[in-house]
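Chemist: Turn this into a model:
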Amino acid sequence: MIEENVVSAAGTTHKVNISSTLDIIRQAGKIPAQRNTQYKILKVFNDENEHVVNDFVMQN
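Modeler: Residues are numbered from 1 along each chain as shown. Here you go, the predicted structure:
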């Protein structure tokens, strides 16, 4: 959290490449899933050929 606060205070942003993140999770032998803040699963990415609509997400 401290790092996140420092980055936000500096006014910088970075992009997260969702497709490469999904690939890294799959290479680790896991099934990627999107969760909410209560850790409930919103979406499971079972299909390796599934395309992500917005591949880059801006993070503060």
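Chemist: alpha carbons only for contacts and neighbour counts from here, please
Modeler: Will do.
Chemist: What segments of this protein are helices?
Modeler: Assigned by DSSP state H, the chain shows helices spanning 2-9, 18-27.
Chemist: Low-confidence bits of this structure, can you list those?
Modeler: Within the chain, the segments meeting pLDDT under 70 span 1-8, 11-14, 51, 53-60.
Chemist: With residue 23 as the reference, measure out to residue 10.
Modeler: 30 Å (CA to CA, to the nearest Å).
Chemist: repeat for residue 46
Modeler: The gap separating residue 46 from residue 23 is 12 Å, by CA to CA.
Chemist: Excluding chain neighbours, what is closest to residue 46?
Modeler: Closest residue in space to residue 46, ignoring its immediate chain neighbours: residue 31 at 6.5 Å, by CA to CA, 6 or more residues apart in numbering.
Chemist: For the one you found, give me phi and psi.
Modeler: Dihedral pair for residue 31: phi -100, psi 120, per degrees, to the nearest 10.
Chemist: can I assume it is in contact with residue 43?
Modeler: No. Residue 31 is beyond contact range of residue 43, at 10.9 Å (criterion: CA atoms under 8 Å).
Chemist: Tell me which of the two has more neighbours.
Modeler: It is residue 31, of residue 31 and residue 43, that has more neighbours when counted by other CA atoms under 10 Å, with 15 against 11.
Chemist: ok, now how distant is the more buried one from residue 49?
Modeler: To residue 49, residue 31 is 13 Å away according to CA to CA.
Chemist: same check, this time on residue 41
Modeler: Distance check for residue 41 against residue 49: by CA to CA, it reads 20 Å.
Chemist: same question, residue 43
Modeler: From residue 43 across to residue 49, the span is 15 Å (CA to CA).
Chemist: still on that earlier bit, comparing residue 41 and residue 49, which residue is more hemmed in?
Modeler: residue 41 (11 against 7).
Chemist: contacting residues around that one?
Modeler: 33-35 (CA atoms under 8 Å, 6 or more residues apart in numbering).
Chemist: So it versus residue 28, what's the distance?
Modeler: Distance, residue 41 to residue 28, by CA to CA: 19 Å.
Chemist: Who wins on neighbours among the contacts of residue 41?
Modeler: Sorting the contacts of residue 41 by how many neighbours each has (other CA under 10 Å) puts residue 33 first, at 14 neighbours.
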